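Enquirer: Quick one: sequence and predicted model below, then my questions.
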Amino acid sequence: MQNALSSVFNELEPLTEASRYRVEDFDCGDAGMNSFVKEHAWRQQRKLLNRTFLVRYDPPDSCPGFISLSTAHIASQLTGLFRNQLVYENAPALLIARMGVDRRFQRRGFARDLMAAARLVAQTLPAGCRFLVLHVAVANTPALALYDSEGFRVPEGYEPDENGLLLMFYDLATRKPAGQVGLSFASS
Ligand SMILES: CC(C)(COP(=O)(O)OP(=O)(O)OC[C@H]1O[C@@H](n2cnc3c(N)ncnc32)[C@H](O)[C@@H]1OP(=O)(O)O)[C@@H](O)C(=O)NCCC(=O)NCCS
C-alpha cells in the first residue's frame, strides 16, 4: 500500500509556494473553485486547514486538475454504521474539500483518477479513516454523475442545506478498493 501511495505522489504534486504559478491560468468553469485554487488554497494550507495537490503535467506550466483534502468526521447514524449499537457517535473520514479539472482537460478521466488518489490517501493514513465525504451542489450535474458512478451516496433522508449543498459519503470498508492511480497525461 505504501508503494501505491508513492504512485499517487508520482502523479500529484503538493501545492507549494514554488508550484503556485501552475494554477495562474487554471479554469475549471466554476469561479469559486478557480479562485480557491488560485487565491486561497496556499494560504489555507499554511494554516494547516487543508492540503492541495496538483496533477503533474508536461509541460509543467499548466495544471490539468487539483484536489484539496482535509480531515473530517461524519455522524455515524448518517452512514448506517453502528445502526443497532451506537459505539462511536462520529466516524473518521477524509474530506474532499475542493476538486476541479481545467476545461481543456475535462472528460478525459482526470477527476476519476483524483478520486482514486483520495481513496489511496485515506486508506494509507496511519490512522483510522472509514469514509470519504464531500459536499456537492444539487445543481452540479457533472459532479453528481461523477460521484454517483464512483460509489458515493447521499445519507438516507438527507436534504440539501440552505445553500443547495448535499452531503455525500463513500464507505472505504465496503466499496471498491483504491486500485492503481493512472492519471492520463496525453496532451490533446
Ligand atoms: C466535475 C469535474 C471535476 C469532472 O472532471 P472530469 O475530469 O471532466 O471528469 P472525468 O473525465 O473523470 O469524468 C468522470 C465521470 O464524471 C461524469 N461527468 C464528468 N463531466 C460530466 C459532464 N459534463 N456531464 C455529465 N457527466 C459528467 C461522467 O459520469 C464521467 O464518466 P464518463 O466520462 O465515463 O461518462 C469537472 O467538470 C469540474 O472541474 N467541474 C467544475 C468544478 C466542480 O464542479 N468540482 C466539483 C465540486 S463538488
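Expert: Done, it's in. Numbering: from 1, shown residues only.

Enquirer: give me every residue that touches Val147.
Expert: Just so we're on the same page, residue 147 is Tyr rather than Val. 134, 136, 168 (Cβ atoms under 8 Å, 6 or more residues apart in numbering). For every residue, glycine as well, the C-beta is placed using N, CA and C.

Enquirer: Can you classify the closest residue to the second one other than its chain neighbours by secondary structure?
Expert: Translated: Val136. Leaving aside its sequence neighbours, Val136 sits nearest to Ala143 (Cβ to Cβ, 6 or more residues apart in numbering; 5.0 Å). Three-state assignment for Ala143 (DSSP: H, G, I helix; E, B strand; the rest coil): helix.

Enquirer: one step back: can you redo the contacts of Tyr147 as a markdown table with pLDDT?
Expert: Formatted as a markdown table, the contacts of Tyr147 follow (pLDDT from 0 to 100):
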| residue | pLDDT |
| --- | --- |
| Leu134 | 98 |
| Val136 | 97 |
| Met168 | 96 |
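
Enquirer: Buried members of the residues you listed into PyMOL, please.
Expert: Selection of buried members from those for PyMOL, criterion 16 or more other Cβ atoms under 10 Å:
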select buried, resi 134+136+168
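
Enquirer: So which of the contacts of Tyr147 sit within strands?
Expert: 134, 136, 168 (DSSP state E).

Enquirer: could these go into a markdown table alongside distance to Glu17?
Expert: Listed next are those as a markdown table, based on distance: Cβ to Cβ, whole Å:
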| residue | distance to Glu17 |
| --- | --- |
| Leu134 | 27 |
| Val136 | 30 |
| Met168 | 33 |
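
Enquirer: Near the ligand, list only the ones from those.
Expert: Contacts with the ligand within the ones in strands among the contacts of Tyr147, as defined by Cβ under 6 Å from any ligand atom: Val136.
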